[in-house]
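[1] below are the sequence and a predicted model; questions follow.
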Amino acid sequence: MSWIILVLAGLFEIAWAIGLKYTEGFTRLWPSVATLAAMAISIGLLGVAMRTLPVGTAYAIWVGIGAVGTVILGIVLMGDPATPGRLISLGLIVMGIVGLKLAS
């Protein structure tokens with residue numbers, strides 16, 4: 001169950017990272033409220049997952065899910081470049097996440 005909670009925490013990390021763009025420096029009320037809520041939920045779920053998962057593994061996977069998801073949504077939603085170097089780097093992050101899961 002902790003792994004599912006950790007994945008959910010990572011998804012909320014993606015939500016708040018993307019949400020930051022829409023807050024326009026926290027000058028827009030509702031995007032700011034949604035972003036802050038996603039931050040709180042993400043950190044809360046991470047804390048719950050860390051009750052039973054190793055701290056280093058849980059944190060690295062949480063960050064990895066957030067990083068990969070944010071880059072992908074940046075490409076899809078915001079027109080960020082999808083260069084070969086960026087895509088290879090994403091693949092390496094995913095390999096690291098899988099490696100940490102398999103080693104835990």
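    Everything's here; your move. Numbers count the residues shown, from 1 in each chain.
[2] the residue nearest the centre of the chain is in what secondary structure piece?
    For the chain, the residue nearest the mean C-alpha position is Gly66 (1.5 Å; Cα atoms, centre = their mean). Using DSSP states H and E, Gly66 falls within helix 55-78.
[3] which strand or helix spans the closest residue to the residue nearest to the centre of the chain other than its chain neighbours?
    Once flanking residues are discounted, Gly66 sits nearest to Glu13: 3.4 Å by Cβ to Cβ, 6 or more residues apart in numbering. C-betas here are computed from N, CA, C, even on glycine. Per DSSP H and E: Glu13 is located in helix 2-23.
[4] buried sites along the following helix or strand past that helix?
    Counting by DSSP H and E, the element after helix 2-23 in chain order, helix or strand, is helix 29-49. Using 16 or more other Cβ atoms under 10 Å as the test for burial, helix 29-49 gives Pro31, Ser32, Ala34, Thr35, Ala38, Met39, Ile41, Ser42, Leu45, Leu46, Val48, Ala49.
[5] hang on, the earlier thing: next, the angle helix 29-49 makes with the helix holding Gly66.
    Between the axis of helix 55-78 and that of helix 29-49 there is an angle of 150 degrees, by axes from the mean of the first three to the mean of the last three Cα atoms, to 10 degrees.
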